[in-house]
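Enquirer: Model the following, please.
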Amino acid sequence: MIASDAGTAPALARKVEGNERVAHSGFAEVYEAHAAGVYRYCLSQLGDPAVAEDAAAEAFINAYAAWSRFAETAEDGVRRWMYRIAHNAVMDVHRRRRRRALLLGRLGGDGAARADVETVCALRAELRQVLDAVGALGSRDRELLGLRVAAGMSYAEVAAAVGISEDAARTATHRALARVRTALGGAR
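Expert: Down below sits the predicted model:
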């Protein structure tokens, strides 16, 4: 659980609020409507609030750069588009992590990510447990849960985002949730 949606990507929010061109383009409304959900999705995939904030900011920067080329005007189309960009930003973080680990391995480092004390202290115990349980899942299950639970997408939207049928998305998501519940001792 994040502390508040108001704290989501504050640096980007200040840039959006202070930019007349953004406000007139209609992108400010896109940001307002999707910032919290995109951040939660990034957090569900990355597990670190600071890294998730950076990925969400990167997603909105990339979306703003492509905004003039975006043709769909339906809200669900904008939403799918935003989450596809967020997915790409998350994948970029994973690629950078893999490259860093590979480089550290070549240099003799262990490549393990070290959590800073501030981040560890800021996370609530319940969030840590849930993130650990979700982190133990396979990448596809994490993706499904991120889109369905953290981003709040419908099963139809999840299915379209990952390229499977709606029934398959529903079944796979329920199974992934059951694995998380089991990992948490059935308390949820």
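
Enquirer: Report how many residues lie close to Glu53.
Expert: Burial of Glu53, expressed as a neighbour count using other CB atoms under 10 Å, amounts to 21. In short, each C-beta sits where N, CA and C put it, glycine included.

Enquirer: How about the one 10 residues further on?
Expert: Applying the criterion other CB under 10 Å, we find 22 residues in the vicinity of Ala63.

Enquirer: Same question for Val38.
Expert: Going by other CB under 10 Å, the residues that sit close to Val38 add up to 29.

Enquirer: What is the host helix or strand of it packed up against?
Expert: Taking DSSP states H and E as the criterion, the element that holds Val38 is helix 27-46. Helix 27-46 makes packing contacts with helix 10-17, helix 49-66, helix 75-107, helix 139-145 when contacts are defined by 3 or more CB pairs under 8 Å, 6 or more residues apart in numbering; DSSP states H and E.

Enquirer: rerun at 10 Å
Expert: Counting contacts by 3 or more CB pairs under 10 Å, 6 or more residues apart in numbering; DSSP states H and E, helix 27-46 is packed against helix 10-17, helix 20-25, helix 49-66, helix 75-107, helix 125-135, helix 139-145.

Enquirer: Of all these, which one is nearest Ala151?
Expert: When these are ranked by proximity to Ala151, the top entry is helix 75-107, at 5.7 Å, counting by CB to CB.

Enquirer: List the buried residues in the closest one.
Expert: Of all the residues in helix 75-107, those buried under the rule 16 or more other CB atoms under 10 Å are 78-83, 85-87, 89-90, 93.

Enquirer: again, but for stretch 140-160
Expert: Judged by neighbour count using 16+ other CB under 10 Å, the buried positions of stretch 140-160 are 141-151, 153, 155, 157-160.

Enquirer: again, but for stretch 27-34
Expert: 27-28, 30-31, 34.

Enquirer: Now tabulate those residues in TSV and tack on pLDDT.
Expert: TSV is the format used below for the buried residues of stretch 27-34 (pLDDT from 0 to 100):
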residue	pLDDT
Phe27	82
Ala28	85
Val30	86
Tyr31	89
His34	91
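
Enquirer: Including distance to Phe70, could those residues go into CSV?
Expert: Formatted as CSV, the entries for those read as follows, by distance: CB to CB, whole Å:
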residue, distance to Phe70
Phe27, 9
Ala28, 14
Val30, 9
Tyr31, 13
His34, 13
